[in-house]
Every structure is written in structure tokens, then in C-alpha cells.
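K.L.:
Requesting a structural model of the entry that follows:
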Amino acid sequence: MLLVIDVGNTNIVMGIYDGTRLMKDWRIHTDTHITEDEFSVFAIHMFSEINISPENVSKIVISCVVPPMITILNSFCRKYFGCDPYWVDAKSVPGMPIRYTNPGEVGSDRIVNAVAAFHQFKTSLIVIDFGTATTFDAVSEQGEYLGGAISPGIHIASEALYMKASKLPRVEIFEPPERVIGTDTAGSIKSGIIYGYAGLVDGMVKRMKKEMGTNPKIIATGGLSQLMYKVSETIESIEPDLTLEGLRIIGDMI
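P.N.:
As a prediction, the model looks like this:
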């Protein structure tokens, strides 16, 4: 069995694959102060939910954008699984040329998403990931990672507005308001953030399409992808398990 781990700035997502079947996935808050023993308590509890022991895991593939977690997870894998994990980066991913000026700067999560998206659709793509940051990644018709763009995530923008504007309340970003023209402060903030980000997404897609010179498929993933799918005019499909699938595909390649 394959254990895949995606370490993001806000959450860690783990999944267990039996072949191509995702048996179970879990999400926990990223904590750079956790020890390998504390992490193992959580992991072993997860495995017990589906009656799997650590001995059943033969390979571990990890994507990580939080450097302090590397040492923790290396120790965890060696101590509880008796093997070193395979760390995804621009140099270690087979089969996808990276066209960044400095490939080492590309976040491993962005590469993993690109691998999964091209493996599934076999065409040029723009992959939008709504996470701590909102990332836009371009993939060519030949399966090359071309680059992309990074903007502050929706929750970061919302929280910054609350923190820096003393009279504005904190609002929950779950559903779009019925009207773009807000008739109270909370509704105005929700409209500005949600419909404003929809405009950002659609504008970025338009500009990236022009530079790519193709008609790429536009897909989205990440925690707020479903929300943005409702208000964007360009997102064509939602792929909630894209990153885990990318890790599985890379695991099958190595």
C-alpha cells in the first residue's frame, strides 16, 4: 500500500492507496512543533479506522511546502515504517519538464497538481489551487510545467481586512451573497471578497490563455474550489483529490 502526505501551510492531508483506489484520507492542522511520536499517534489511529497496520505500507510519497516538517516526517517514516519517504520536488518528478527559470523555486504541491491534471486530461491546462495562497499553474499540450502565478489566499485576504480595518467585522466565507451590491457591512465584505476573487480568477485565466496561445482546460482544487466554481465564469471542473492523486501517480512512477 502507498501512503501519500501533502504538507501545506495550513493543513496536512494524508491518504492511503491500495493500487489506484483511495481507501481513506484525513486532514489535520499543520503544526511545526509536533514530534514524530505525536504524529505517529494520529497516524496509527487513522490506520486503525480501516484496519491497516504500518507493516502494510510499502512506499511513502510526500509533498511539503513547510521546511520544518521535513525533519519531523523523515524521522516519523523511518521510525514507524522502517523506510525513507520519497520527497517530491522539481528534480525528483519523472516525466514532466519544468520550464521555470529556477525549477527549484516551484512549490512541490504545484508540481504534483500539474502532474495529476495532465495525467487525467492529456491537454493544456490551467490548474487553480485555492489554499493558503491561490495559485495558478499552466501546463502545455506536451505536458510541460510552464509556470504560473501566486496571489494571497481568500482566507488570508479576509483576515487581513479584519485585522487592518478596525471597524470591519470578521465574516465567514462559505457561500456567496445573493447580491453583488451589499446592503450591509457583512454582505459588502463577502461580496468584495468572493465576487472580487471570481474576477481575479477570470481575469488571470484570460491573460494566461492569451500567453499560452491555446485553449486550456480550467480546473480547480483546494478547500474553497467549490465556492469559487459557483461564481467563476471560467472554471470548468472541480478536482478535490487532485494533489493526492498526483502523489499516487508519482508513487507509481518511481
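
K.L.:
biggest helix in this protein by residues?
P.N.:
Scanning the chain for the helix with the most residues, using DSSP state H, yields helix 185-212.

K.L.:
which helices and strands does that helix pack with?
P.N.:
Applying 3 or more C-beta pairs under 8 Å, 6 or more residues apart in numbering; DSSP states H and E, we find helix 185-212 packed against strand 125-130, strand 133-139, strand 145-152, helix 154-164, helix 225-231. For every residue, glycine as well, the C-beta is placed using N, CA and C.

K.L.:
which helices and strands does the fourth one pack with?
P.N.:
Looking back up the chat, that one is helix 154-164. Looks like helix 154-164 contacts helix 185-212 (3+ C-beta pairs under 8 Å, 6+ apart).

K.L.:
buried stuff in the helix it packs on?
P.N.:
Within helix 185-212, the residues that qualify as buried are 187-195, 197-198, 200-202, 204-205, 208-209, 212, counting by 16 or more other C-beta atoms under 10 Å.

K.L.:
Measure how the helix or strand following that helix sits relative to strand 133-139, angle-wise.
P.N.:
Per DSSP states H and E, the first helix or strand lying C-terminal to helix 185-212 is strand 217-222. If you take axes from the mean of the first three to the mean of the last three C-alpha atoms, to 10 degrees, strand 217-222 sits at 150 degrees to strand 133-139.

K.L.:
Please identify the pairing partners of strand 217-222 and their relative orientation?
P.N.:
Next to strand 217-222 in the sheet, as set by DSSP bridges, lie strand 125-130 (parallel), strand 237-238 (parallel).

K.L.:
from the middle of its chain, how far away would that strand be?
P.N.:
10 Å (C-alpha atoms, centre = their mean, to the nearest Å).

K.L.:
in that strand, what counts as buried?
P.N.:
So for strand 217-222, counting by 16+ other C-beta under 10 Å, buried means 217-222.
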